[in-house]
Structure formats: C-alpha cells, structure tokens
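**Student:** got a predicted structure here, sequence first:
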Amino acid sequence: MSFSNDLIVIFNQGTKDHLEGNYGVPQGPLLTYVLGSWFKGSNITLTLFAKKYKALFGIEMSQLNDFYGPFNSEEELKKFTYLLSEEIEAKEVNLIPLDSFSKAIQESGSMEELRNQVKASSDVIENMEIEPQSSSLLQKLLSKSR
C-alpha cells in the first residue's frame with residue numbers, strides 16, 4: 001500500500017484559546033486546525049495548501065503552535081481538501097485526526113503497518129475526477145482492438 005498519489009491531512013479540533021495555551025473551560029467556537037498535509041512524500045502545508053486557503057478564503061492561513069487554519073468545522077476542511085485534491089490531481093484524501101495518527105504510530109512496528117493503520121483510521125474521500133488506472137488501461141486495450 002502506498003500513499004504516493006494520496007493527499008494525507010492530519011488535523012485537530014479545539015478552540016483558538018485552547019490552542020494558544022489557555023486551559024480550562026473552552027472560550028469560543030470549536031475550530032478545526034491542520035497539523036500537516038502531505039502529497040507525493042512532500043509536506044505541502046506551507047505551499048500548495050496555504051495558496052489554496054488564501055484563494056478560497058481571501059486571507060492568509062494562520063499558524064498557531066504548529067497548527068494551521070482555522071476551518072469552521074471538519075466538514076469545511078473536507079470540502080477544502082477535496083477541492084485541493086482536484087487541483088493537484090490526488091487520487092484521494094486521507095483525513096486523520098491527530099489522536100488517531102499518534103495511536104497508529106505507537107501501534108505500528110513497520111512502515112507498512114503504519115500505512116495500513118493510517119488508511120484504516122482515516123476518513124477517505126475519493127477524487128471522482130481521477131479515473132481508476134484499471135479502467136483507463138482497459139479503455140486503452142479496447143481502443144487498440146478496434
């Protein structure tokens with residue numbers, strides 16, 4: 001299993017006050033923040049991800065204790081990452097909460113196990129604009145036989 005054509009996004013939810021280090025009763029709305037995003041083995045959080053954020057929201061993506069965003073909800077993050085996957089032609093988006101990612105790291109003894117754990121713990125969104133390779137290969141074979 002490989003993530004070479006997948007967009008991997010690790011996120012966390014909290015209030016702005018909580019992420020700044022004030023503990024206790026949450027003050028303000030629950031927001032979703034991204035810890036990092038990877039595509040083809042590269043961290044794209046401060047490049048492609050940030051550019052898309054500015055293009056869609058009209059403001060610079062903020063960085064707060066190594067968390068980027070904010071997004072008003074997990075649903076908004078899902079929509080955003082799907083639009084990004086279309087732009088960069090990622091096969092699918094794997095959204096995984098920070099707690100699940102940390103658990104996957106602890107329980108994995110190899111990279112293959114980690115990949116399997118991340119895949120199993122992720123909310124996977126397929127990019128419907130990307131044709132499955134098997135169907136495009138089948139189409140090529142059928143078009144050659146005509």
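**Tutor:** Sure, I can see it.

**Student:** contacts, neighbours, all on C-alpha from now
**Tutor:** Noted.

**Student:** the helices in this structure, which residues?
**Tutor:** With DSSP state H as the criterion, the chain has helices at 16-19, 50-57, 74-88, 98-107, 111-121, 133-144.

**Student:** quick one: closest of those to residue 4.
**Tutor:** Closest to residue 4 of the helices of the chain is helix 111-121 (Cα to Cα; 11.3 Å).

**Student:** ok now the closest one, how far from the chain's centre?
**Tutor:** 15 Å (Cα atoms, centre = their mean, to the nearest Å).

**Student:** would you list the helices of the chain in TSV and tack on mean neighbour count and mean pLDDT?
**Tutor:** What follows is the helices of the chain, written out as TSV (neighbours: other Cα atoms under 10 Å; pLDDT from 0 to 100):
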stretch	mean neighbour count	mean pLDDT
helix 16-19	17	54
helix 50-57	14	94
helix 74-88	17	94
helix 98-107	15	93
helix 111-121	16	89
helix 133-144	10	54
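
**Student:** now the ones you listed in TSV, with distance to residue 66?
**Tutor:** Shown next, in TSV, are these (distance: least, Cα to Cα, whole Å):
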stretch	distance to residue 66
helix 16-19	10
helix 50-57	14
helix 74-88	17
helix 98-107	12
helix 111-121	21
helix 133-144	36
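
**Student:** looking at those helices, which is nearest to residue 65?
**Tutor:** Judging these by Cα to Cα, what sits closest to residue 65 is helix 16-19, at 6.9 Å.

**Student:** let's see stretch 81-92 as PDB, backbone CA atoms only.
**Tutor:** Backbone C-alpha positions of stretch 81-92 (Å, rounded to 0.1, in the frame of the first residue of the first chain) are rendered in PDB as follows:
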ATOM      1  CA  THR A  81      -9.200  19.200   0.900                       C
ATOM      2  CA  TYR A  82     -11.400  17.800  -1.800                       C
ATOM      3  CA  LEU A  83     -11.000  21.000  -3.900                       C
ATOM      4  CA  LEU A  84      -7.300  20.800  -3.300                       C
ATOM      5  CA  SER A  85      -7.200  17.100  -4.400                       C
ATOM      6  CA  GLU A  86      -8.800  18.100  -7.600                       C
ATOM      7  CA  GLU A  87      -6.300  20.800  -8.300                       C
ATOM      8  CA  ILE A  88      -3.200  18.700  -7.500                       C
ATOM      9  CA  GLU A  89      -4.800  15.500  -9.000                       C
ATOM     10  CA  ALA A  90      -4.600  13.500  -5.900                       C
ATOM     11  CA  LYS A  91      -6.300  10.100  -6.100                       C
ATOM     12  CA  GLU A  92      -7.900  10.500  -2.700                       C
END
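
**Student:** okay then, goodbye and thanks.
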